[in-house]
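Q: my questions concern the predicted model and sequence given below.
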Amino acid sequence: MFVATKIRIFCYLRSVILSGKELSDRLKAGMAREVATFPSRYGRVPHLAVLLVGDDPASVTYVRNKARASEKIGIRNTTITLPATTSEDELLGRIAALNDDPDVDGILVQLPLPPHIDELKAIKAIAREKDVDGFHPENVAALWRRRTEPEENPQYCVPCTPRGIIRLIKEAGVRIEGRRAVVIGRSNIVGLPISKLLLNENATVTICHSRTVGLGEITREADILVVAIGDPEFIKGDMVKEGAVVIDVGINRRPDGTLCGDVDFKEVAPRASVITPVPGGVGPMTICMLMENTIDCFINRENSKLER
Ligand code: NAD
């Protein structure tokens, strides 16, 4: 059943196209209303600090978009831009200062970092309760722990892209429980965490990767297919089961400069029951979930002040 009033649904032949843009706009409007109540309730608004090392053009754009989204919602954003030559020690010192700053609720280190800086060291240096990306090893471990209480309130952030994918699927009314989910890609940022989130929703999950043998046979069994490879239009129509839900995480640039996903939309859309477009699908949900994670960290920190 699709909640047509919540997400506008576009029809492409027989498939439903899920607009992450539209859902994220609606969620952000709700967050803006919530944040507007914080000054009277808590005396301040959430504060997100973003550290950017170097001037990689894609990273500069991502960081700018995060600042814009924060501004629209009323979240305070501090972007700290450091030169590519910044030493690992200096970056760790900056992170430590943000950890100690009581006015900072969320810390994000924009990846990738220059090669002379150990990414894992930087991620580990972020205080767990301010880790809005959910990449800290303790937060990763918390995600992978078997949860016996479904309503248990996680006091940690789940990575933004997987959180956005689950939200998108659920808001569209797609049933996950008991269904066969196939995830292609096993990265720490997308493939692994989305696999665990689907498992949490009681899907039966298969993870595929670059060494998988007989990929098409496995993908053709998927009721829900999540593709996070980074290879333009790699998934063709004959790799997808009739009626599958297809979530395309890939963001690739074609030689002509236009964007495309990892799924060949023209071939796959007529077979899928539900499909996300690129652009306008998973992408907008990622920043939206970063905003939710920042608000969650803020509320958790404010609540822990009350408990003291
Ligand atoms: P990654 O390079 O870390 O991982 C890619 C994964 O794909 C690997 O696990 C690899 O084993 C697998 N893979 C590669 N070629 C394959 C093949 N031929 N068959 C099967 N598996 C194969 O990438 P990532 O960080 O997970 O990102 C994947 C894609 O998602 C990229 O296009 C990236 O830009 C995009 N992305 C989008 C968002 C968003 O907000 N929409 C967020 C993160 C990443």
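A: That came through fine.

Q: dump the residue contacts of Lys236.
A: By C-beta atoms under 8 Å, 6 or more residues apart in numbering, the contact set of Lys236 is 264, 267-268. All C-beta atoms are positioned from the backbone trio N, CA, C, and that covers glycine.

Q: thought Met291 was touching Met31?
A: Yes: proximity of Met291 to Met31 meets the contact threshold set by C-beta atoms under 8 Å, at 5.7 Å.

Q: now for the two: what residues contact both?
A: Ile73.

Q: can you pull the pLDDT of Ala4?
A: Predicted confidence (pLDDT) for Ala4: 43.

Q: try Arg147
A: 65.

Q: looking at Met291 and Met31, which one has more neighbours?
A: Neighbours were counted for Met291 and for Met31 using other C-beta atoms under 10 Å; Met291 has more, 27 against 21.

Q: could you measure that one against Ile73, distance?
A: 5 Å (C-beta to C-beta, to the nearest Å).

Q: tell me the residues of the stretch 201-308 of the chain that contact the ligand?
A: Taking C-beta under 6 Å from any ligand atom as the contact definition, the stretch 201-308 of the chain meets the ligand at 208-210, 212, 215, 228-231, 249-252, 282-283, 286.

Q: drop anything exposed from those residues.
A: Buried members of those, counted by 16 or more other C-beta atoms under 10 Å: 208, 212, 215, 228-229, 249-252, 282-283, 286.

Q: is it possible to get CSV of these that adds secondary structure?
A: Converted to CSV, those look like this (DSSP: H, G, I helix; E, B strand; the rest coil):
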residue, secondary structure
Cys208, strand
Thr212, coil
Leu215, helix
Ala228, coil
Ile229, coil
Val249, coil
Gly250, coil
Ile251, coil
Asn252, strand
Val282, helix
Gly283, helix
Thr286, helix
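
Q: pick the one among those residues closest to Arg44.
A: Lowest distance from Arg44 to these (C-beta to C-beta) belongs to Thr286, with 25.7 Å.
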